[in-house]
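Chemist: Build me a model:
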Amino acid sequence: MSFVITLDVNNPKLMIYFWSSILRYELDSADQFEDPEQIYWYLVDPADKGTRLLIQQVPEPVTAKSRIHIDVHVDDIEAEAERAINMGAKRVDPTPMSEFGATWIRMLDPEGNHFCFVLNREK
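Modeler: As a prediction, this is how the structure comes out:
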């Protein structure tokens, strides 16, 4: 079994750039931008190990916090948060949160979708 996460966006080019950079994913097919009717784009893990992210263009903006969000597990949450901020993200809290042995930073992507950078635990 597999699954895909779908993210509704208003500006697909901006959000494809942002999320492919954050996840280190690639656009499945760049020629999809040549079709003016196109509203779906897949971002894929180049190693073909991660879950696919479907970018879906919608007309309405984010109006409330979603009940689901993406957690991006990284080795340095502060460095990744700063990198995301430089690409248009916003940090929700001034300091990281810690609970139940996990540490994370809550973020908003350039269109206001919530996501978190979570500190990788020692293996």
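
Chemist: Who are the contact partners of the residue most central in space within the chain?
Modeler: Centroid-nearest residue in the chain, with Cα atoms, centre = their mean: residue 19, separated by 4.5 Å. By Cβ atoms under 8 Å, 6 or more residues apart in numbering, the contact set of residue 19 is 7, 25, 43, 53, 55, 109. Just so you know, the C-beta spots here come from the backbone N, C-alpha and C atoms, and that holds for glycine as well.

Chemist: Could you report the pLDDT at residue 65?
Modeler: We have a pLDDT of 84 for residue 65.

Chemist: cool, residue 58 as well?
Modeler: Looking at residue 58, its pLDDT reads 95.

Chemist: quick one, what contacts it?
Modeler: Listed by Cβ under 8 Å, 6+ apart, the contact set of residue 58 reads 8-10, 39.

Chemist: in stretch 77-89, what's buried?
Modeler: 77, 80-81, 84, 89 (16 or more other Cβ atoms under 10 Å).

Chemist: measure the nearest residue to residue 109 once chain neighbours are set aside to residue 5 for me?
Modeler: With Cβ to Cβ, 6 or more residues apart in numbering as the criterion, residue 109 has its nearest non-adjacent residue at 5.5 Å, and that residue is residue 89. According to Cβ to Cβ, to the nearest Å, residue 89 and residue 5 sit 17 Å apart.

Chemist: what's the answer for residue 112, then?
Modeler: 17 Å.

Chemist: Tell me which of those two has more neighbours.
Modeler: Neighbour count, other Cβ atoms under 10 Å: between residue 112 and residue 5, residue 112 has more, with 15 against 12.

Chemist: Residue 70: neighbouring residues, count only.
Modeler: Using other Cβ under 10 Å, residue 70 has 19 other residues around it.

Chemist: swap in residue 95?
Modeler: There are 7 residues near residue 95, going by other Cβ under 10 Å.
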